[in-house]
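Asks: no sequence for this one, just the structure:
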């Protein structure tokens, strides 16, 4: 092979690798993103709730196997389907939304299974306290959205935490369990 062809191929390979290594940022689609929680009630049934307002971004570099997620949850948007409980959850003995209206999750330690995100380790800040949380994926996928004409990535992520670690200990362990399962089903649109 001629040396100039060899140099051209090496430069082309470097250019392709550089292009592949570029991080891509996605904005959370609030209409296809759910943040829900589950807790045991009197050790009998599972009580569920959700937060209706959330926003954030995800940056993924599939080639470098890195990423960053920033998620903000409006705690005043809590919805259990029971109005008086929604108000109680916003009071000082639960979320204290007057002082801490939002919770945030910032994750910068991504794990991949091939090109798919399999877990994200990060920091959850709630009620003024920050603790480590690992969100594990039960699914992850990217697709070309035919309506938006853009790539959309997302998946189902979950973690189990002890709410008392964040000072949310009212009613624990009885009638409400201390263990809370967080579920984040997310879709985000490429920017």
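Replies: It's in. Keep in mind the model is a prediction, meaning the values are calculated, not measured. Residues are numbered from 1 along each chain as shown.
Asks: neighbours around residue 183, how many?
Replies: For residue 183, the neighbour count with other CB atoms under 10 Å is 17. C-beta: built from backbone N, CA, C; applies to glycine.
Asks: that one and residue 38 touch, don't they?
Replies: Yes: taking contacts as CB atoms under 8 Å, residue 183 lies within contact range of residue 38: 7.2 Å.
Asks: just the helices in the chain please.
Replies: 3-20, 83-89 (DSSP state H).
Asks: least reliable of those helices going by mean pLDDT?
Replies: Confidence, taken as mean pLDDT, is least for helix 3-20 of the helices of the chain (a mean of 47).
Asks: select the longest strand from the protein.
Replies: strand 129-145 (DSSP state E).
Asks: buried residues in that strand?
Replies: By 16 or more other CB atoms under 10 Å, the buried positions in strand 129-145 come out as 133-135, 137, 140, 142.
Asks: so what's the residue count around residue 93?
Replies: Using other CB under 10 Å, residue 93 has 12 other residues around it.
Asks: mind listing what it touches?
Replies: Residues near residue 93 by CB atoms under 8 Å, 6 or more residues apart in numbering: residue 170.
Asks: how much space between it and residue 165?
Replies: Computed with CB to CB, to the nearest Å, the distance linking residue 93 and residue 165 is 16 Å.
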